[in-house]
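[1] need coordinates for the below:
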Amino acid sequence: MLITYLGHSGFCVELAKSTIIMDPWLSLYGAFDSAWFQYPCNHHLKDLVERKLQDTTKDRYIYISHEHQDHFDLAFLNSLQTRDFKFIVPQFRRSGLFESLAHYQCRGVILCRSDEEVRLADGFIKLYLYGYGFERDSAILVHHDGQSFLNLNDCRLYDHLQEIRKGHGDIDVVAGQFSGASWHPTCYDYPEQVYQRISQKKTIIKFEAIARAIEAINARIFLPSSGPPCFLDPMLFHLNLEPINVFSRPPQLIRYLQKRFNRSERRHTLEVMEMMPGDVLDVTECNFAYKAQERLSEDGIEAYLRSYAARYEVFFRDRQVGCSSQHLDDILNRLREAIEYKLSLFELSHLVTTALYLSLHEAPDKMIRVDFQSRRVEIVSGVIDPNYYSLSTPSWQMERVLDGKMTWYNFSLTFRMRIKREPDVYVPLLHDFLLTEAEDLKQFCSEWLELEAKLEENGERITVEAGGCLYSVSRFCPHQGADLSEGWIEENRYLVCPGHWWRFDLWNEGRCEASHATINAVALEQDGAKPRIQAPQVAALRSRVRAQGVPR
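    Purely as a prediction, here's the structure:
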């Protein structure tokens, strides 16, 4: 098995009789309306992918994990001259990805359900799907001649990894997202110290989740992938150079894992490889070939990025357009109508008590106010609610959403917005309302109610140990139902969900740090032990999470 890194989440996996290209993101103008670009630049690998697809001695496949543009690069796929291959795509409940490829001229599309095995001429692949609301993703396992490669992509499968290992044994190579990719805290108006504190906490939690994934499948090799991107738009370029943010680079993760696994009792040494686009890993021989001519070091990153950005100066300058006041009013009214329509489909509005304000950068004195309780949308001159979310974005960016050129979720990943919330508490349903497409809202509400009923009906509880005390807590996360028995303890106090890494404070009845959700924690005395304050640390990594008499 040969694995060639194509950059970001892209890999070319070559077996004796099969080649699988995974998530090739190679377009010259990046993703998310040119907010994200490939880091390091990988545009030169287009010809390599084309050559691999021209090799008629093998069966050829292109796997697309999900719809995000840094994974599903339709512009690049449309540019391919060789179409003698099959697509492998996950069968999500929403068929948008399949529909986008329905008329693509190739040998066909293989739709895969979760945990469904697809036989190859010399092995098999298996997809694992995750889907909730606007979040849809998949991971892929390739198995060949006793060797295995699990590409997690951005997929939140952390509470299912034990099952994968149980079914397929130890995994030789695993790749997965390790860097942040969300608008919190990137787009929020925080003081610098608060911004850095939140970023650092999120980074450590993500690194620890990767470490636990490696442990769960007993991987020999980990390949950092799926980020970070780089930002070449002058409006966003500063994100590249912030001393602390969520866009961590491979060397930071490697240092963390080296320290982390120096203390572990694993049977074999973990190898963490920072691959450059074009590098090749021979899994059979466990041999790494440095094919990329240009190799980045931490010292040379700023110069590299400034040179990279200089190639796009004219492109971004030409995109700057002015707006008349009449045109701004037209965009604002179109936005109001779009939000009114979404609100008419949102059956959970009575559960949102926080107001939402939307505005355009060029017209800050006119805001769209959304009152979920009264289901009212109006234009106001300023914030009038004590509890609110506010979001401001350039008019041209919002116009592209309204014109259907990008989804609401893809819009959120442009990072071309400023957000404020008061109080600083995450309101999941408000967030879901804004980022879910109108046509998906009814299904989202149905799924949400179904999950709530399931959690309420289940009522299953587990016992966790932290800081010398036992706690009884709900087994399943109130956010999206991840199994908390696969979570872990931080600072002798917080139970961390393996799905989205929400932290629940066991000293405060299991309430989530960042939202109003709770796992209803009850302290259980054991030999007189009670919760006690200890020095904060990301230790207690071996604190037990035990299900009470529940088969695993």
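[2] which SSE is residue 365 in?
    strand 363-371 (DSSP states H and E).
[3] so the spatially most central residue of the chain: helix, strand or coil?
    Per C-alpha atoms, centre = their mean, the C-alpha nearest to the average position across the chain is that of residue 154, at 4.6 Å. Using DSSP: H, G, I helix; E, B strand; the rest coil, the structure places residue 154 in coil.
[4] how about it: what's its closest non-neighbour residue?
    Leaving aside its sequence neighbours, residue 154 sits nearest to residue 177 (C-beta to C-beta, 6 or more residues apart in numbering; 4.6 Å). Yep, even glycine has a C-beta here, placed from its N, CA and C like the rest.
[5] is residue 383 in contact with residue 356, as I believe?
    No. Using C-beta atoms under 8 Å, residue 383 is not in contact with residue 356, being 10.7 Å away.
[6] before we move on, back to that, tell me the predicted confidence for the residue nearest to the centre of the chain.
    Per-residue pLDDT puts residue 154 at 85.
[7] can you give me the helices for the stretch 101-250 of the chain?
    Here the stretch 101-250 of the chain has its helices, by DSSP state H, counting those that start in this stretch, at 161-168, 192-217, 250-262.
[8] for residue 360, which of those is the nearest?
    Closest to residue 360 of the helices of the stretch 101-250 of the chain, according to C-beta to C-beta: helix 192-217, at 24.0 Å.
[9] can you pull the buried residues of the closest one?
    By 16 or more other C-beta atoms under 10 Å, the buried positions in helix 192-217 come out as 195-196, 198-199, 201-203, 205-217.
[10] now swap in stretch 335-355 and tell me
    Quick answer for stretch 335-355 (16+ other C-beta under 10 Å): 335-336, 338-339, 342-343, 345-346, 348-349, 352, 354-355.
[11] export these to TSV and tack on secondary structure?
    Converted to TSV, the buried residues of stretch 335-355 look like this (three-state DSSP):
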residue	secondary structure
335	helix
336	helix
338	helix
339	helix
342	helix
343	helix
345	helix
346	coil
348	coil
349	helix
352	coil
354	coil
355	strand
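[12] can you redo those residues as a markdown table with distance to residue 262 and pLDDT?
    What follows is the buried residues of stretch 335-355, written out as a markdown table (distance: C-beta to C-beta, whole Å; pLDDT from 0 to 100):
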| residue | distance to residue 262 | pLDDT |
| --- | --- | --- |
| 335 | 53 | 98 |
| 336 | 57 | 98 |
| 338 | 53 | 98 |
| 339 | 52 | 98 |
| 342 | 50 | 98 |
| 343 | 53 | 98 |
| 345 | 52 | 97 |
| 346 | 50 | 97 |
| 348 | 47 | 95 |
| 349 | 51 | 96 |
| 352 | 47 | 95 |
| 354 | 45 | 96 |
| 355 | 50 | 98 |
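[13] just to revisit the earlier point, can I get the helices of the stretch 101-250 of the chain in CSV with distance to residue 109 and mean pLDDT?
    Formatted as CSV, the helices of the stretch 101-250 of the chain follow (distance: least, C-beta to C-beta, whole Å; pLDDT from 0 to 100):
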stretch, distance to residue 109, mean pLDDT
helix 161-168, 25, 92
helix 192-217, 29, 93
helix 250-262, 33, 92
